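[1] predicted model and sequence follow; I will ask about them next.
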Amino acid sequence: MQGKKVYQEKLFNSFQLSDRVPEFNFYRRLRSVLHLDFLYDKTRAYYGHSGQQSIDPVVFFKLCLVGYLENIISDRKLIEHASMRLDILYFLGYDIDESLPWHSTISRTRQLFPESVFEEVFTHVFTMCVDQGMVKGSTQAIDGAPVKANASMDSLELKVPESDLDAHLAEIRHISHRDKEVFRKAKVDKASLDTQTITASDAELKSIASRQKNWSRNQDQRPGAKNKGSRYTSNKTHYSPTDPDARISVKPGKARKLNYSSQLSVDTAHHVITDIKAYHADGKDSQYLPDIVNRLQRRLWRQGFKLENVLADTGYSSGENYAFLESKGIAGYIPPHGTYKGGPDGFTYVKEQDHYICPAAEVI
């Protein structure tokens, strides 16, 4: 006999959320092992003693973790997504008839806590992974990726010199006609005086002007180059008033954007993230390797591990980095750039004595 389901909402229900979340559900298992109660003491100093209660700090950090696991970067979408998932509600400690925090509360709380609190949560979770035998420690893989900043290229401002402003602007206005007019003025300029002040030399400014001419003549196939508002921008001449730490960067085949450089290290045993930090996007990956390794070495040492091997791509290749890793007693598996020849032309390397012999038979 054919069935037909008719939905009629009940006035009263007998419902228990824990009965609807399967025993082997990921978030149910995570809730049983992830205990963040230590956060109440760590964050108490950042709250007042009167007024309405804010979001539970444990719930806040669990929501941040859900956003990472579900690949959701919007707080609004995160709350919408979590409210539709029984397993996530159970993980957060909310029942189906309880409203989740307002999305703007998530944003404000993220700005409330200092970096040290987030660092302690990261270290706590990392220690849990170590205790479960998921970290070997000896071999770490490092890589970076650009992270788009929450700032628009349209709001870029020209940097100004400390003196002789009018004469300077008259010289560099040809960099872009759009710099002559205010396209999208930021409501508040959050940049410091150092950020707003131009530090480029005359030679660098001439180089930028030359690149601007080449841009308009030869780079017409770049993404967005045909737009009448396209322009060549540089961190030496422009800054973002809404996000002063963001930097202009570009990858082959991509448009120029305001980005950060996210540098991540992963333990090769079970792919556990061992360290992560955001750097300015106008630097090369190779410039950040020493700081990454020093941070990583300290973190692993506290857990009883010795860093022995570092894996990275060609972007981290430089003679300074090879020497740095050697001084630390760390084996670096980093391929050199394609132009690397292995030594000067006409010179012979003597491995036993670790020196070169030049064409004139002299030891170098």
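    Right, received. Where do you want to start?

[2] so what's the residue count around Thr338?
    Quick fix: residue 338 is Gly, not Thr. By other C-beta atoms under 10 Å, 7 other residues sit near Gly338. From N, CA and C alone the C-beta is placed, and that goes for glycine too.

[3] now it, nearest residue through space, not along the chain?
    Nearest non-adjacent residue to Gly338, counting by C-beta to C-beta, 6 or more residues apart in numbering: Thr314, 7.9 Å away.

[4] again with Ala141
    Computed as C-beta to C-beta, 6+ apart, the closest residue to Ala141 that is not its neighbour in sequence is Leu311, at 4.3 Å.

[5] now Ser83
    Per C-beta to C-beta, 6+ apart, closest to Ser83 is Leu100, 5.4 Å.

[6] below-threshold pLDDT in the protein: ranges please.
    Along the chain, segments meeting pLDDT under 70 span 12, 160-232, 253, 339-343.

[7] kindly recompute the last result at 50.
    Along the chain, the model assigns pLDDT under 50 to residues 174, 182-183, 222-229.

[8] so what's the residue most central in space within it bridging to?
    With distances taken as C-alpha atoms, centre = their mean, Ser262 lies nearest the centre of the chain, 3.1 Å away. With DSSP bridges as the criterion, Ser262 is bridged to Ala145, Ala278.

[9] how's this structure carved up into domains?
    Per the TED database, the structural domains of the chain span 17-113, 125-148+260-357, 150-170+186-203+232-244.

[10] would a markdown table of the ones you listed with distance to Glu119 be doable?
    Converted to a markdown table, the domains of the chain look like this (distance: least, C-beta to C-beta, whole Å):
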| stretch | distance to Glu119 |
| --- | --- |
| domain 17-113 | 10 |
| domain 125-148+260-357 | 10 |
| domain 150-170+186-203+232-244 | 22 |
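
[11] out of the ones you listed, nearest to Gln2?
    Checking the domains of the chain against Gln2 by C-beta to C-beta gives domain 17-113 as the closest, at 28.2 Å.

[12] mind listing the helices in this protein by residue range?
    All helices of the chain, identified by DSSP state H, fall at 17-20, 26-33, 39-43, 57-69, 75-83, 86-92, 103-112, 115-131, 165-172, 193-196, 202-218, 285-302, 319-327.

[13] what packs against the fourth one?
    When contacts are defined as 3 or more C-beta pairs under 8 Å, 6 or more residues apart in numbering; DSSP states H and E, helix 57-69 packs onto helix 39-43, helix 75-83, helix 86-92, helix 103-112.

[14] any idea of the angle the last one forms with helix 75-83?
    Between the direction of helix 103-112 and that of helix 75-83, the angle (axes from the mean of the first three to the mean of the last three C-alpha atoms, to 10 degrees) works out to 120 degrees.

[15] show residues contacting helix 103-112.
    Tyr46, Ser54, Ile55, Pro57, Phe60, Leu63, Cys64, Asp75, Arg76, Leu78, Ile79 (C-beta atoms under 8 Å, 6 or more residues apart in numbering).

[16] going by distance to Asp291, which of those wins?
    Proximity of the contacts of helix 103-112 to Asp291 (C-beta to C-beta) peaks at Cys64, which lies at 24.3 Å.

[17] list the contacts of the closest one.
    By C-beta under 8 Å, 6+ apart, the residues touching Cys64 are Arg110.

[18] give me that answer again for 10 Å
    Cys64 makes contact with Asp75, Leu78, Ile106, Thr109, Arg110, Phe118, Val121, according to C-beta atoms under 10 Å, 6 or more residues apart in numbering.

[19] number of residues surrounding the fourth one?
    Meaning Thr109. Per other C-beta under 10 Å, the neighbour tally for Thr109 reads 22.

[20] distance check, it against Phe305.
    Separation of Thr109 from Phe305 (C-beta to C-beta, to the nearest Å): 33 Å.

[21] Pro336 too?
    Taken as C-beta to C-beta, the span from Pro336 to Phe305 is 28 Å.

[22] try Tyr322
    From Tyr322 across to Phe305, the span is 23 Å (C-beta to C-beta).

[23] who's more crowded, these two?
    Neighbour tally, Tyr322 and Phe305, criterion other C-beta under 10 Å: the higher count belongs to Phe305, 19 against 14.

[24] which residue is the nearest non-sequential neighbour of that one?
    Excluding its sequence neighbours, the residue lying closest to Phe305 (C-beta to C-beta, 6+ apart) is Gly137, at 2.8 Å.

[25] thought that neighbour was touching Val266?
    No. The criterion here is C-beta atoms under 10 Å, and Gly137 misses it with Val266 at 11.9 Å.

[26] these two - which one has more neighbours?
    Gly137 (21 against 18).

[27] can you report phi and psi for the more buried one?
    With angles defined as degrees, to the nearest 10, Gly137 sits at phi 90, psi -30.

[28] for it, give me its contacts.
    Gly137 neighbours (C-beta under 10 Å, 6+ apart): 130, 267-269, 272, 274, 296, 299-301, 303-308.

[29] now do Lys306
    So Lys306 contacts Gly137, Ser138, Gln297, Leu300, Gly329, Ile330 (C-beta under 10 Å, 6+ apart).

[30] pretty sure the second one is touching Gln297, no?
    No. With the criterion set as C-beta under 10 Å, Ser138 and Gln297 do not qualify as a contacting pair; they are 11.7 Å apart.

[31] ok, back up a step: of the contacts of Lys306 - the most surrounded one?
    Busiest of those [other C-beta under 10 Å] is Leu300, holding 23 neighbours.

[32] and that one, how far from Lys159?
    Taking C-beta to C-beta, one finds Leu300 at 40 Å from Lys159.

[33] that's all I had, so thanks and see you.
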